[in-house]
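K.L.:
predicted model, plus sequence, below.
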Amino acid sequence: MPDDLYRLALTVLQPGYEETSVPDWLRRLLGEGLGGTILFARNDPSRQVVDRLRAENPGVVVAIDEEGGAVTRLEVTAGSSFPGNRALGVVDDVVLTERVGRQIGRMLAKADITLNYAPSADVNSNPANPVIGVRSFGPTADLVSRHTVAYVNGVQGAGVAACAKHFPGHGDTVTDSHLNLPTVHAAREVLFQRDLPPFRAAIRAGVRAVMTGHLLVPALDPEVPATLSRTVLTELLRGELGFDGMLVTDAIEMRAVAALFSPGEIAVRALAAGADAICMGHATEQLVREVCAAVVAAVRAGTLPEERLAEAAERVLSLSEWYSKQADLREQALADPGVGLEAARRALTVTGEGRLERAPLVVEVNTRLNRAVDPSTPTGITAALTAALPGTARVQLAAGDELPAFDERPVVLVVHDAARHDWVRERVAQAVTARPDVIVVDTGIPDEPAGGVHIATHGISQVAARAAAEWLTR
């Protein structure tokens with residue numbers, strides 16, 4: 001196996017790892033030329049972790065999903081200090097969104113992280129969407145476009161690369177691509193008017209990276225998912241939209257593509273289609289070497305042009321070089337304390353009037369959040385209310401569980417995406433019947449207001465919970 005070809009193949013891979021400390025096998029691969037890695041909450045990401053990675057390869061592209069709101073890796077234990085995209089879209093103040101983006105970028109810069117796999121530039125046009133929802137700025141192209149640009153400007157203004165995802169748009173789906181292959185049934189004209197404008201806007205704003213979505217979009221390519229489609233990645237994204245930055249796949253172990261091909265075949269097909277970096281969220285040394293060997297074998301067999309692999313590696317290295325030149329921006333990014341809480345407060349949508357005078361019973365009607373959300377991420381409402389009203393009690397309900405018996409205490413019902421789940425709506429209706437004064441807090445895409453007070457936070461975060469608790473105990 002030629003050393004130069006092997007190194008090119010390693011350059012385009014971005015594996016994650018399971019361990020809490022950097023494993024020896026990852027350090028070995030970095031020393032051999034591995035071009036990137038992705039950090040998750042399970043890795044306890046910090047500046048110390050990144051320093052250990054850079055000790056083996058100073059130019060490694062260290063990536064992370066730090067969207068804010070429900071999807072956080074650095075603040076997963078307590079919840080994000082930022083309310084998330086939907087809340088920012090509800091406020092619809094692009095200056096505020098840019099401020100939030102800059103603070104997220106500043107947080108990543110302190111950890112010396114190269115690339116933020118954010119923002120979600122998806123237009124959440126389908127209310128039944130199980131995986132995007134509050135991760136989107138909203139349901140219209142204009143709204144999402146202007147806030148995508150503001151977020152990109154904020155993150156990159158702090159010297160960290162941003163990444164618009166999930167191209168060509170995951171908003172009109174009813175399937176979670178972590179579990180199965182979603183299909184976007186819209187006509188080409190609809191895609192160009194509704195789903196592509198935020199990506200076009202991000203490209204014009206100079207976004208350094210774009211992430212592919214594992215989506216079948218028959219109007220663009222009826223045969224293969226976008227991640228594996230030259231029509232979508234090279235002809236559309238590169239050709240028509242003019243993107244020349246680093247194009248990274250969504251994680252290749254997601255069932256949307258993993259059910260179709262082996263990891264090595266996915267990597268080869270994605271690179272041939274036009275991708276530059278292969279994200280492998282859950283990897284081992286054996287898997288990385290197998291994928292690397294498959295890429296090298298494809299080049300030697302002539303199914304993947306060496307020029308295409310070299311171009312992909314060059315784009316990865318170019319992003320790394322860009323990051324190295326932004327040191328001054330990272331040093332100069334000013335702290336903006338409280339901007340996340342300010343945004344969360346402004347995003348609250350409240351119907352009804354009332355406040356909590358004493359400790360309530362909080363009933364958390366927990367739905368299964370999508371696979372992009374770390375399962376340990378708290379909704380936080382109970383903790384925020386307990387801080388204000390000691391003695392606050394909590395009951396957690398899963399699907400099929402009945403409401404507890406209510407006593408004289410105030411009742412707060414915390415739900416997520418009530419409009420999307422029949423059983424959640426049923427529990428809300430039952431609670432309102434039993435206690436018309438019930439307070440309903442929806443942390444997702446809300447249903448019609450119900451109860452004595454209805455609060456929509458439009459996202460899951462530490463600051464959203466605090467803003468709701470402040471309002472209720474004001």
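P.N.:
Sure thing, it's come through.

K.L.:
quick check: which ranges of this protein have low pLDDT?
P.N.:
Confidence mapping of the chain against pLDDT under 70 gives the ranges 1-2, 367-368.

K.L.:
same thing but at 50, please
P.N.:
Under the criterion of pLDDT under 50, the regions of the chain flagged as low confidence span 1-2.

K.L.:
distance-wise, check the residue of it most remote from its centre relative to residue 21.
P.N.:
Most distant from the centre of the chain: residue 408, at 40.8 Å, with distances by C-alpha atoms, centre = their mean. Plainly put, residue 408 is 51 Å away from residue 21 if you go by C-beta to C-beta, to the nearest Å. Every residue, glycine included, has its C-beta placed from N, CA and C.

K.L.:
related to what we said a few turns ago, ramachandran angles for the residue farthest from the centre of the chain?
P.N.:
The phi/psi pair for residue 408 (degrees, to the nearest 10) reads phi -80, psi -10.

K.L.:
check contacts around residue 272.
P.N.:
Shown here is residue 272, whose contacts under the criterion C-beta atoms under 8 Å, 6 or more residues apart in numbering are 230, 298, 303, 304, 305, 308.

K.L.:
figure out the helix or strand that the closest residue in space to the fifth one that isn't next to it in sequence lives in.
P.N.:
Think residue 305. Counting by C-beta to C-beta, 6 or more residues apart in numbering, residue 305 lies nearest to residue 299, which is 7.4 Å off, once chain neighbours are set aside. Applying DSSP states H and E as the criterion places residue 299 in helix 285-301.

K.L.:
tell me the first helix or strand C-terminal of that helix.
P.N.:
Heading C-terminal from helix 285-301, the first helix or strand you meet, by DSSP H and E, is helix 306-324.

K.L.:
got the buried residues for that next one?
P.N.:
Using 16 or more other C-beta atoms under 10 Å as the burial criterion, the residues of helix 306-324 that qualify are 306, 308-309, 312-317, 319-320, 322-323.

K.L.:
of those, just say which sits nearest to residue 238.
P.N.:
Of all those, the one sitting nearest residue 238 is residue 315; the distance, using C-beta to C-beta, is 10.9 Å.

K.L.:
might one say that the closest one is in contact with residue 276?
P.N.:
Yes. Taking contact to mean C-beta atoms under 8 Å, the distance of 4.2 Å between residue 315 and residue 276 places them in contact.

K.L.:
the nearest residue to residue 72 once chain neighbours are set aside: neighbour count?
P.N.:
Spatial nearest neighbour of residue 72, excluding adjacent residues (C-beta to C-beta, 6+ apart): residue 80 at 4.2 Å. A count of nearby residues for residue 80, using other C-beta atoms under 10 Å, gives 28.

K.L.:
what does the one 5 residues further on give?
P.N.:
The burial count assigned to residue 85 is 34, neighbours taken as other C-beta under 10 Å.

K.L.:
can you check residue 301 too?
P.N.:
In terms of burial, residue 301 registers 9 neighbours under the definition other C-beta under 10 Å.

K.L.:
which parts of the stretch 151-300 of the chain are helices?
P.N.:
188-190, 197-204, 230, 255-258, 263-273, 285-301 (DSSP state H, counting those that start in this stretch).

K.L.:
please produce a markdown table containing the buried residues of helix 306-324, extended by distance to residue 90.
P.N.:
Below are the buried residues of helix 306-324 laid out as a markdown table (distance: C-beta to C-beta, whole Å):
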| residue | distance to residue 90 |
| --- | --- |
| 306 | 49 |
| 308 | 42 |
| 309 | 44 |
| 312 | 38 |
| 313 | 41 |
| 314 | 41 |
| 315 | 35 |
| 316 | 36 |
| 317 | 39 |
| 319 | 32 |
| 320 | 36 |
| 322 | 33 |
| 323 | 32 |
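
K.L.:
what is the nearest of those to residue 220?
P.N.:
The closest of the buried residues of helix 306-324, once distances to residue 220 are taken by C-beta to C-beta, is residue 308, at 20.4 Å.

K.L.:
wait, isn't the closest one in contact with residue 271?
P.N.:
Yes. Between residue 308 and residue 271 there is a contact under C-beta under 8 Å: 6.3 Å.

K.L.:
how much space separates the residue lying closest to residue 304 once chain neighbours are set aside from residue 206?
P.N.:
Take residue 304 and drop its neighbours on the chain: the residue closest to it by C-beta to C-beta, 6+ apart is residue 298, 3.9 Å away. Note on residue 298: its distance to residue 206, by C-beta to C-beta, is 32 Å.

K.L.:
and those two? Which one has more around it.
P.N.:
When residue 298 is set against residue 206 and neighbours are counted by other C-beta under 10 Å, the residue ahead is residue 298, at 23 against 12.

K.L.:
my guess is residue 378 is in a strand, correct?
P.N.:
No. Under the criterion used here (DSSP: H, G, I helix; E, B strand; the rest coil), residue 378 is coil, not part of a strand.

K.L.:
tell me where the stretch 351-474 of the chain has strands.
P.N.:
In the stretch 351-474 of the chain, the segments counted as strands under DSSP state E, counting those that start in this stretch are 361-365, 393-397, 411-415, 439-442, 453-456.

K.L.:
the stretch 151-300 of the chain now?
P.N.:
Using DSSP E, counting those that start in this stretch, the strands assigned to the stretch 151-300 of the chain run over residues 161-167, 209-212, 246-248, 278-280.

K.L.:
in its sheet, what does the last one sit against?
P.N.:
The one in question is strand 278-280. Counting by DSSP bridges, the strands paired with strand 278-280 are strand 13-15 (parallel).

K.L.:
next helix or strand past the strand it pairs with?
P.N.:
Once strand 13-15 ends, the next helix or strand along the chain (criterion: DSSP H and E) is helix 24-32.

K.L.:
please name every helix or strand in contact with that following helix.
P.N.:
In terms of contact count using 3 or more C-beta pairs under 8 Å, 6 or more residues apart in numbering; DSSP states H and E, helix 24-32 is assigned the packing partners helix 3-11, helix 47-56, helix 285-301.
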